[in-house]
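K.L.:
how does the following fold in three dimensions:
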Amino acid sequence: MIDPGGGAEQAALMRGEAFSIVAAVLLVSQPASAQLQPHRAEYALRLGSAANAPRIGTAVQDIALDCSGWHIKRDLSSEIAFTPSLKVSIASKLDGEEPSDGSAFRYRAVQIENGAHRDTHGTVEHAGNEIRAEIISAVGPEQLVLPPPTLMPVAAIGRLVEQLRAEAAFSPTLMFSAEAMGDVFQIDVRQVGSESLRAAPRWLDPVAVPAAQSWPVLMTFKRAREENPKALFSIRAQLFNTGVLDRLTVDAGIATVTADLQALEMHKVPDCPESR
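P.N.:
Okay, the predicted model is just below:
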């Protein structure tokens, strides 16, 4: 199902970056708690979309909100067995903070592949009419000017949810992704029929998601800083207006990874003076 020498796109998928990008798209911009509900969601990951596709790990996203803004924690762990003697162990962790107005994002990301660590941290913020990023990794600091109007991870979904609620025409969204080596992705979104979503696995108990609305969507990801970018992968999922995703199918061409909600805890929304 996967060629171990499948190239850069496959490596990105195997590190869990595709799922992490989806997790980043679970957030809202303005006002801080208008639609997104802080929550902790746990997902079961499988390699392939068949009913008997093997489980390869779990992913957890915890989104907390206090009066200083959003706090994001993501933790993905997986082991993929290509053959009985060839296994790949993968872990990805992210800690991020974003103020409620979406003006900045500070983060630390750690990725571990078969025991080899890659640690990066950075800051993305509006500076006048520009959006600047400083990303520090083992090779040293890198300064970037991001294409406008790049949105921070929390702000990216706000635009999508507002378009869905208003039944407005969709236009591409640019989103900064920390896990994808500090890159900017163009996300093209369209609403699809519910019949296009795969069925949830039978062995997984359904999880009730508190929400007033939900939409089946198809999201296509491209690298925004490339000229004439090609689609890297697409994601079909059920998006709830509380910010929870379920029944994700990540299609990267050479491989398919699915993520299904297996546990959900909703956090309380703080009562902040500025939100009264």
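
K.L.:
using CSV, write out every CA atom in the helix or strand encompassing I157.
P.N.:
Applying DSSP states H and E as the criterion places I157 in helix 153-166. Only the C-alpha atoms of helix 153-166 are listed here, as CSV (Å, rounded to 0.1, in the frame of the first residue of the first chain):
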residue,chain,number,x,y,z
PRO,A,153,-3.7,28.1,12.5
VAL,A,154,-6.6,29.3,14.7
ALA,A,155,-7.8,31.9,12.3
ALA,A,156,-7.9,29.6,9.2
ILE,A,157,-11.1,27.7,10.0
GLY,A,158,-13.0,30.9,10.9
ARG,A,159,-13.1,31.8,7.3
LEU,A,160,-14.2,28.3,6.2
VAL,A,161,-16.9,28.0,8.9
GLU,A,162,-18.3,31.5,8.1
GLN,A,163,-18.5,30.6,4.4
LEU,A,164,-20.3,27.4,5.2
ARG,A,165,-22.7,29.0,7.5
ALA,A,166,-23.5,31.8,5.0
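
K.L.:
now it: buried residues?
P.N.:
Across helix 153-166, burial judged by 16 or more other Cβ atoms under 10 Å covers P153, V154, A155, A156, I157, G158, R159, L160, V161, Q163, L164. From N, CA and C alone the C-beta is placed, and that goes for glycine too.

K.L.:
same question for stretch 54-63.
P.N.:
Using 16+ other Cβ under 10 Å as the test for burial, stretch 54-63 gives I56, G57, T58, A59, V60, Q61, D62, I63.

K.L.:
ok, A104 touching G122?
P.N.:
No. A104 is beyond contact range of G122, at 10.8 Å (criterion: Cβ atoms under 8 Å).

K.L.:
so between the two, which is more surrounded?
P.N.:
Taking other Cβ atoms under 10 Å, A104 and G122 do not tie; G122 has more neighbours (21 against 16).

K.L.:
how close does the more buried one sit to N129?
P.N.:
21 Å (Cβ to Cβ, to the nearest Å).

K.L.:
chain neighbours aside, what residue packs nearest to S194?
P.N.:
Excluding the flanking residues, the one nearest S194 by Cβ to Cβ, 6 or more residues apart in numbering is P216, at 4.9 Å.

K.L.:
likewise for C67?
P.N.:
Nearest one to C67, counting by Cβ to Cβ, 6+ apart, is C272 at 3.9 Å.

K.L.:
in this structure, which spans are strands?
P.N.:
For the chain, strands defined by DSSP state E occupy the ranges 39-47, 55-66, 69-83, 86-98, 104-113, 116-127, 130-137, 140-146, 173-177, 183-191, 214-223, 231-240, 245-251, 256-266.

K.L.:
buried ones in the longest one?
P.N.:
Neighbour-count burial for strand 69-83, counted by 16+ other Cβ under 10 Å, picks out G69, W70, I72, R74, D75, L76, S77, S78, I80.

K.L.:
given that strand, what are its sheet partners and their directions?
P.N.:
When pairs are called by DSSP bridges, strand 69-83 turns out to pair with strand 55-66 (antiparallel), strand 86-98 (antiparallel).

K.L.:
could you dump those into JSON lines with mean pLDDT added?
P.N.:
Listed next are the strands paired with strand 69-83 as JSON lines, based on pLDDT from 0 to 100:
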{"stretch": "strand 55-66", "mean pLDDT": "92"}
{"stretch": "strand 86-98", "mean pLDDT": "89"}
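
K.L.:
got CSV for the ones you listed, with distance to E179 too?
P.N.:
CSV is the format used below for the strands paired with strand 69-83 (distance: least, Cβ to Cβ, whole Å):
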stretch, distance to E179
strand 55-66, 11
strand 86-98, 6
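
K.L.:
select, out of those strands, the one closest to I235.
P.N.:
Proximity to I235 (Cβ to Cβ) singles out strand 55-66 among the strands paired with strand 69-83, at 13.3 Å.

K.L.:
among the buried residues of strand 69-83, pick out the one closest to S92, please.
P.N.:
Closest to S92, out of all of those and judged by Cβ to Cβ, is L76, at 4.4 Å.
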